[in-house]
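S.K.: take this sequence and fold it.
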Amino acid sequence: MGIFGFFSKEKKEDLDKGLQKTNEGFLGKLTRAIAGKSTVDIEVLDNLEEALISSDVGLETTIKIIKNIEERVARDKFTSTGELNRIMKEEVSALFVNDQNDAFANFNLPSGKKPYVIMVVGVNGAGKTTTIGKLAYQFKKAGKKVMLGAGDTFRAAAVDQLDVWAKRSDVGIVKLEMGSDPAAVSYQAVEKGVADGADVVIIDTAGRLHNRVDLMNELSKIRRVMQKVIPDAPHEVLLVLDGSTGQNAVEQARQFTAATQVTALAITKLDGTAKGGVVIGISDQFKIPVRYIGVGEAIDKLQVFNAKEFVDSLFKGV
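M.R.: Now for the predicted structure:
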């Protein structure tokens, strides 16, 4: 199955609705950028640059997009603003890391890894624990056996919240007392996942942007103890970012990628913001695949990311 072959009409409608604020904001700016123009000139490109930056795509990524469009216009002699729209979609699509998300389509998992261990990192408030709960629900719905590890032992609320999600999704959970060693929780969760024949183990971690060395040491310790049970665990380190914070999410990505090897991203709360363009900038700057996006508060509004459908929704009506 190709990467774009798993998107249902319902998912597309959810994505369109989730990106509506970003789409409306960008569409208005783009419309003004080309108003009264029939050809692509310097003024159009300057206005397009402003529209991209104000949609939180980020300066570095925006400059790259504009430069590529400028070169294509000069090389291929594209001159109409209608052609500009198509070129822009192609250039934005090309910025996303192609990580074969079809392996995760419909919340499937790569074969040959059982249980598939996901360590989830991110700051408090980004939607980390909620994302884990929604992942658990989606995996269970897809027929997977799920085990959670409540490794954010520094916040009683985080453990309690994850326990609620576990009950809601009818999945297993390993939790210890508040203040327990997160590595101990992770070890026991992976061990129990193996013993129970789980398909996937998802480990929550402390959501503190404390000293980078401390963060690195803590996450490294969690890795080491999990590897006593499964030598190549974790199979994925998923960084959860709040899309509504715009460029603050970029800074969080910078902090966490410096502290640990992040292999995939989940970007949440896109339905409540006009800053959805940050997904483009983060993917481009850090060269890390976007695995999941949150396009609504409901339990089933977490989606496996699809670059083509994302770009189509972002530029819908353009």
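S.K.: point out where the stretch 151-300 of the chain drops to low pLDDT.
M.R.: 209-212 (pLDDT under 70).
S.K.: can you show me the strands along it?
M.R.: Assigned by DSSP state E, counting those that start in this stretch, the stretch 151-300 of the chain shows strands spanning 172-174, 200-204, 236-242, 264-268, 290-294.
S.K.: mean neighbour count, those strands: which tops it?
M.R.: Neighbour counts (mean count of other Cβ atoms under 10 Å) averaged over each of the strands of the stretch 151-300 of the chain peak at strand 200-204, with a mean of 30. Any C-beta I mention is one placed from the backbone N, CA and C, and that applies to glycine too.
S.K.: and that one with strand 236-242, angle?
M.R.: Here strand 200-204 runs at an angle of 50 degrees relative to strand 236-242 (axes from the mean of the first three to the mean of the last three Cα atoms, to 10 degrees).
S.K.: ok, strand 200-204: who's next to it in the sheet?
M.R.: strand 116-121 (parallel), strand 146-149 (parallel) (DSSP bridges).
S.K.: picking that back up, tabulate the strands of the stretch 151-300 of the chain in JSON lines, adding columns for distance to residue 188.
M.R.: Putting those into JSON lines (distance: least, Cβ to Cβ, whole Å) gives the following:
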{"stretch": "strand 172-174", "distance to residue 188": "5"}
{"stretch": "strand 200-204", "distance to residue 188": "10"}
{"stretch": "strand 236-242", "distance to residue 188": "19"}
{"stretch": "strand 264-268", "distance to residue 188": "24"}
{"stretch": "strand 290-294", "distance to residue 188": "25"}
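S.K.: of all the ones you listed, which one is nearest residue 110?
M.R.: Proximity to residue 110 (Cβ to Cβ) singles out strand 236-242 among the strands of the stretch 151-300 of the chain, at 9.1 Å.
S.K.: any idea how far residue 72 is from the spatially most central residue of the chain?
M.R.: For the chain, residue 266 is the residue whose C-alpha lies nearest the centre (Cα atoms, centre = their mean; 2.3 Å). For residue 266, the distance to residue 72 (Cβ to Cβ, to the nearest Å) stands at 32 Å.
S.K.: tabulate the strands paired with strand 200-204 in a markdown table, adding columns for mean pLDDT, distance to residue 33 and mean neighbour count.
M.R.: Formatted as a markdown table, these follow (pLDDT from 0 to 100; distance: least, Cβ to Cβ, whole Å; neighbours: other Cβ atoms under 10 Å):
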| stretch | mean pLDDT | distance to residue 33 | mean neighbour count |
| --- | --- | --- | --- |
| strand 116-121 | 97 | 38 | 25 |
| strand 146-149 | 98 | 46 | 29 |
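S.K.: where's the closest residue to residue 250 other than its chain neighbours relative to residue 240, distance?
M.R.: Distance criterion Cβ to Cβ, 6 or more residues apart in numbering; nearest residue to residue 250, sequence neighbours excluded, is residue 282 at 5.9 Å. Going from residue 282 to residue 240 by Cβ to Cβ gives 12 Å.
S.K.: and if you look at residue 126?
M.R.: For residue 126, the distance to residue 240 - Cβ to Cβ - is 5 Å.
S.K.: what do these two both touch?
M.R.: The overlap between the contact sets of residue 126 and residue 240 (Cβ atoms under 8 Å, 6 or more residues apart in numbering) consists of residue 268.
S.K.: thinking again about what came up before, what's across from the closest residue in space to the residue nearest to the centre of the chain that isn't next to it in sequence in the sheet?
M.R.: Nearest residue to residue 266, sequence neighbours excluded (Cβ to Cβ, 6+ apart): residue 292, at 4.2 Å. For residue 292, the beta-bridge partners are residue 266, residue 304 (DSSP bridges).
S.K.: can you give the distance from the helix ranked longest in the chain to the centre of its chain?
M.R.: Counting residues, the longest helix in the chain under DSSP state H turns out to be helix 59-76. Remark: helix 59-76 is offset 25 Å from the chain centroid, using Cα atoms, centre = their mean, to the nearest Å.
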